[in-house]
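**Q** predicted model and sequence follow; I will ask about them next.
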Amino acid sequence: MASPQLAHQQQQQQPITSSRKLVLLGESAVGKSSLVLQFVKQQFDDYRESTIGAAFLTQTVPVQQGFIKFEIWDTAGQERYKSLAPMYYRNAHAAVVVYDITSSVSRLLAFG
Ligand SMILES: Nc1nc2c(ncn2[C@@H]2O[C@H](COP(=O)(O)OP(=O)(O)O)[C@@H](O)[C@H]2O)c(=O)[nH]1
Ligand SMILES: [Mg+2]
């Protein structure tokens with residue numbers, strides 16, 4: 001049976017995982033889901049079905065002190081889902097506002 005001291009040492013060696021809530025915002029079809037897919041699975045699809053409401057994905061990244069688990073909310077962007085956006089960015093640690101550099105409209109709608 002492990003001594004309390006050994007158990008304490010083992011506990012200390014456990015990597016620390018902290019969670020961070022991340023949200024992607026921006027018009028639809030600007031590439032939000034593609035960015036998330038690349039970050040989570042290192043994949044790219046030429047054809048991505050548009051997101052309904054929002055999609056939730058996670059990705060754990062090693063850092064010096066342990067791991068950071070990103071809890072990612074990939075929002076839909078369509079006008080009809082606008083009222084839902086605050087639900088996703090509330091309490092978020094970071095928001096990524098995405099626009100399509102070939103579409104000035106998507107830039108205007110993202111940053112005003
Ligand atoms: N050419 C090009 N197409 C992209 C890029 N990123 C995404 N797409 C395509 O643009 C479309 C919309 O992407 P999607 O990720 O679904 O956008 P979302 O609606 O903002 O989530 C898809 O057909 C993607 O394959 C990019 O960097 N370059
Ligand atoms: Mg999407």
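**A** Received, thanks. Ligands and ions are numbered 1, 2, ... in the order given.
**Q** could I get the full set of strands for the chain?
**A** 16-25, 54-63, 66-75, 94-97 (DSSP state E).
**Q** which one of those lies nearest to ligand 1?
**A** Among the strands of the chain, the nearest to ligand 1 by CB to the nearest ligand atom is strand 66-75 (6.6 Å). For glycine as for every other residue, the C-beta is placed from the backbone atoms N, C-alpha and C.
**Q** avg pLDDT for that closest one?
**A** Mean pLDDT, computed over strand 66-75, is 96.
**Q** partner strands of that strand, parallel or antiparallel?
**A** Sheet neighbours of strand 66-75, with direction, are listed as strand 16-25 (parallel), strand 54-63 (antiparallel) (DSSP bridges).
**Q** name the residues of the first one that are buried.
**A** In other words, strand 16-25. Neighbour counts using 16 or more other CB atoms under 10 Å place 21, 22, 23, 24, 25 of strand 16-25 among the buried residues.
**Q** my read: residue 60 touches residue 68, true?
**A** Yes. In this structure, residue 60 is within contact of residue 68 by CB atoms under 8 Å, at 7.1 Å.
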